[in-house]
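Visitor: the amino acid sequence is not available; the structure is as follows:
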């Protein structure tokens, strides 16, 4: 939707595109990048957020998540997860968005370039204080021995 694109800093003329298959591994890099994160969830649509940082490096956390219904039953411990807070003061993801991929946006260097998207993980849940828990993408790819699909840019016919 056009209003969702505008809410996350894009437009109908500047639509985010992920065709490179680029990923970013915060577990190895502990990078200081705190660029905007976006996702398109099945329930909440396109939203933006920011990585929770500690000392200006992405903080990987061990988080207890409740994955049962009703919520008062058993919890699981997820190790080395990324934590994202929604901007502005709204949830980055809601129940029903699990499995959505999360991308970090590197702003373009010039008007002729596009913003670059890097897949950083997949949503697995949320916390009691309204942050979103994201499993890093690299361990998922490694376990399944796969790579992200790339889509070569083809010239438009005129």
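Guide: Ah, there it is. Treat the numbers as computed from the prediction; the structure is a model and nothing was measured. Numbers count the residues shown, from 1 in each chain.
Visitor: for the residue positioned nearest the centre of the chain, give me its contacts.
Guide: Nearest to the geometric centre of the chain sits residue 102, at 1.9 Å (Cα atoms, centre = their mean). Residue 102 is in contact with 37, 38, 39, 82, 84, 119, 120, 121, 122, 123, 134, counting by Cβ atoms under 8 Å, 6 or more residues apart in numbering. (Glycine included, C-beta is placed from N, CA and C.)
Visitor: just the element for it, please.
Guide: Under the criterion DSSP states H and E, the helix or strand holding residue 102 is strand 101-106.
Visitor: quick check: next helix or strand after that strand?
Guide: Towards the C-terminus, the helix or strand next in line after strand 101-106, according to DSSP H and E, is strand 116-126.
Visitor: if we go by neighbour counts, what in that following strand is buried?
Guide: By neighbour count, and taking 16 or more other Cβ atoms under 10 Å as the criterion, the buried residues in strand 116-126 are 116, 117, 118, 119, 120, 121, 122, 123, 124, 125, 126.
Visitor: ok, residue 26 to residue 93 distance?
Guide: Residue 26 sits 18 Å away from residue 93 when distances are taken as Cβ to Cβ, to the nearest Å.
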